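got a predicted structure plus its sequence, pasted below:
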Amino acid sequence: MSGEFFLAAGLTVAGALAAMILRNLIHCVLALVAGFAGLAVIYLQLGAQFVGLAQIFVYAGAVAILAAFVILLTQGVEHRTRPAAVLDWVVGALLACGVFAMLAWAIAKSVQFLPQATQRPDAGVRAIGNAMLHQFVLPLEVVGLLLTAALIGAVLTAMRDEEAGA
C-alpha cells in the first residue's frame, strides 16, 4: 500500500476522532467533513470511482451542510444536561468493543478473503450515470422530489418555530 493511502486513512481517523472530541459543534461538523473527505479519497484510491464521488457529494456535501443547518437553527434551544457518569463511559466502551468484535468476525469470515478468480466489473462513473439517466430516471426524479419536499418541510418547521418563539 502506498503512502497516500495511509495519509488518507490518517485523515479519516483524525477527522472522526476530532468530531467526537471537540466541544464546538460547528468544529465537529468541519472535522466530520474532513473524515468524509478522507474516506472518499480511500474509495478513489481503491478504484471505486462512483462510491468515492457519491461520498463527496452526499456525505461531505449534503449531510455536512444539513448538520450545519441543524446546529445553526437549533442554537437557541437549550437542553438540560447532566454530567457524564463513569457508568455511561463503561457501557459505551463495552458496546463499542462488542460492535468492533462483531465486525471483525464478519470481516474474517467474509467471502472476499477466500481465494477466488473473479473479473472486475466494468462499470465506471460514465456507465452508472448513463444507466441513471436512461434506465432509472423515474426513481431518480422521485428521490429528488422527496428530498426537496423534506427540505421545504424542514424550513417551514424552523420558520414556524422561530415565529412562535419571537
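Sure, I can see it.

quick check: closest non-adjacent residue to the residue nearest to the spatial centre of the chain.
Centroid-nearest residue in the chain, with Cα atoms, centre = their mean: Y59, separated by 4.6 Å. Closest residue to Y59 apart from its sequence neighbours, by Cβ to Cβ, 6 or more residues apart in numbering: F36 at 4.3 Å. Backbone N, C-alpha and C define where each C-beta goes, glycine included.

I'd assumed F57 was in contact with that neighbour.
No - applying Cβ atoms under 8 Å, one finds F36 not in contact with F57, separated by 10.5 Å.

and these two? which has more neighbours close in?
Taking other Cβ atoms under 10 Å, F36 and F57 do not tie; F36 has more neighbours (22 against 12).

from R126, how far off is the more buried one?
Going from F36 to R126 by Cβ to Cβ, to the nearest Å gives 24 Å.

can you check A34 too?
According to Cβ to Cβ, A34 and R126 sit 29 Å apart.

okay, these two: which has more neighbours?
Set A34 next to R126 and count neighbours by other Cβ under 10 Å: A34 wins out with 19 against 10.

local confidence estimate at the residue lying closest to I56 once chain neighbours are set aside?
Taking Cβ to Cβ, 6+ apart as the measure, I56 lies nearest to A40, with 4.7 Å between them; neighbours along the chain are not counted. On pLDDT, A40 comes in at 89.

ok, A40 - contacts?
The contact partners of A40, taken as Cβ atoms under 8 Å, 6 or more residues apart in numbering, are G52, L53, Q55, I56, Y59, A60.

out of those, who's nearest V86?
Top of the list for closeness to V86, among the contacts of A40 and by Cβ to Cβ, is Y59 at 33.4 Å.
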